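Novice: Give the three-dimensional model of this entry:
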Amino acid sequence: MEFVVCINNQDYSASLEVRKIYQVLPDTQANAHQMIRVIDESGEDYLYPSRYFMPIELSEPVKQALVASH
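Specialist: Numbers count the residues shown, from 1 in each chain. Below you'll find the model as predicted:
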(Lines give C-alpha, C1' and ligand atoms only; values in the text may rest on other atoms or scores of the structure.)
Protein backbone atom coordinates (compact mmCIF):
# COMPACT_ATOMS: atom_id res chain seq x y z
CA MET A 1 0.00 0.00 0.00
CA GLU A 2 1.42 3.34 -1.05
CA PHE A 3 0.58 6.85 0.15
CA VAL A 4 1.49 10.35 -1.01
CA VAL A 5 1.02 13.85 0.32
CA CYS A 6 -0.49 16.53 -1.91
CA ILE A 7 1.83 19.50 -2.46
CA ASN A 8 -0.16 21.31 -5.18
CA ASN A 9 -3.86 21.38 -6.04
CA GLN A 10 -3.84 23.94 -8.86
CA ASP A 11 -6.89 23.33 -11.09
CA TYR A 12 -8.13 20.63 -8.66
CA SER A 13 -9.01 22.57 -5.48
CA ALA A 14 -12.39 20.81 -5.15
CA SER A 15 -10.77 17.37 -5.44
CA LEU A 16 -7.43 17.70 -3.63
CA GLU A 17 -6.28 19.33 -0.40
CA VAL A 18 -2.70 20.51 -0.04
CA ARG A 19 -0.85 18.73 2.81
CA LYS A 20 -3.40 15.89 2.89
CA ILE A 21 -2.36 12.23 2.61
CA TYR A 22 -3.87 10.21 -0.25
CA GLN A 23 -3.80 6.50 -1.00
CA VAL A 24 -2.27 5.56 -4.35
CA LEU A 25 -3.74 2.86 -6.56
CA PRO A 26 -1.39 1.04 -8.95
CA ASP A 27 -1.72 2.18 -12.58
CA THR A 28 1.25 1.51 -14.86
CA GLN A 29 -0.34 3.31 -17.82
CA ALA A 30 -0.82 6.44 -15.72
CA ASN A 31 2.80 6.28 -14.53
CA ALA A 32 3.98 6.20 -18.14
CA HIS A 33 2.24 9.57 -18.66
CA GLN A 34 3.54 11.21 -15.44
CA MET A 35 0.14 10.77 -13.80
CA ILE A 36 -0.83 9.13 -10.52
CA ARG A 37 -4.12 7.47 -9.52
CA VAL A 38 -5.29 8.46 -6.03
CA ILE A 39 -8.49 8.22 -4.04
CA ASP A 40 -9.50 11.88 -3.83
CA GLU A 41 -12.03 13.89 -1.80
CA SER A 42 -14.95 12.31 -3.67
CA GLY A 43 -13.92 8.88 -2.38
CA GLU A 44 -13.33 7.73 -5.96
CA ASP A 45 -10.02 7.14 -7.74
CA TYR A 46 -8.91 9.62 -10.39
CA LEU A 47 -5.74 10.53 -12.26
CA TYR A 48 -3.73 13.62 -11.36
CA PRO A 49 -0.31 14.93 -12.38
CA SER A 50 2.28 13.06 -10.32
CA ARG A 51 4.17 16.33 -9.71
CA TYR A 52 1.30 17.38 -7.41
CA PHE A 53 2.36 14.73 -4.88
CA MET A 54 5.35 13.57 -2.88
CA PRO A 55 5.70 9.94 -1.75
CA ILE A 56 5.77 9.33 2.01
CA GLU A 57 6.64 6.38 4.23
CA LEU A 58 4.11 5.46 6.90
CA SER A 59 4.15 2.82 9.62
CA GLU A 60 1.77 -0.13 9.24
CA PRO A 61 -0.55 1.04 12.05
CA VAL A 62 -0.91 4.46 10.39
CA LYS A 63 -1.57 2.86 6.98
CA GLN A 64 -4.26 0.64 8.48
CA ALA A 65 -5.87 3.60 10.25
CA LEU A 66 -5.98 5.62 7.02
CA VAL A 67 -7.51 2.77 5.04
CA ALA A 68 -10.08 2.07 7.77
CA SER A 69 -11.20 5.71 7.76
CA HIS A 70 -12.44 5.48 4.14
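
Novice: State which helix of this structure is the longest.
Specialist: helix 60-68 (DSSP state H).

Novice: what pairs with whichever helix or strand Tyr22 is part of, and is each one parallel or antiparallel?
Specialist: Assessed by DSSP states H and E, Tyr22 sits inside strand 21-25. Strand 21-25 has these partner strands in its sheet, going by DSSP bridges: strand 2-6 (antiparallel), strand 35-39 (antiparallel).

Novice: quick one: buried residues of it?
Specialist: 21-24 (16 or more other CB atoms under 10 Å). Yep, even glycine has a C-beta here, placed from its N, CA and C like the rest.

Novice: can you list the residues that contact it?
Specialist: Strand 21-25 has contacts (CB atoms under 8 Å, 6 or more residues apart in numbering) with 1-6, 16, 36-40, 45, 53, 56, 58, 66-67, 70.

Novice: what angle separates that strand from helix 60-68?
Specialist: 80 degrees (axes from the mean of the first three to the mean of the last three CA atoms, to 10 degrees).

Novice: next helix or strand past strand 21-25?
Specialist: Next element after strand 21-25 (DSSP H and E): helix 28-32.

Novice: I'd like the mean pLDDT over that following helix, please.
Specialist: For helix 28-32, mean pLDDT rounds to 93.

Novice: Work out the gap between it and the centre of the chain.
Specialist: The gap between where helix 28-32 is centred and where its chain is centred comes out at 14 Å by CA atoms, centre = their mean, to the nearest Å.

Novice: Next: stretch 24-36.
Specialist: 11 Å.

Novice: same question, stretch 56-70
Specialist: The answer for stretch 56-70 is 13 Å, by CA atoms, centre = their mean.

Novice: how about Val4, what does it touch?
Specialist: Per CB under 8 Å, 6+ apart, neighbours of Val4: 21-22, 24, 36, 38, 53-56.
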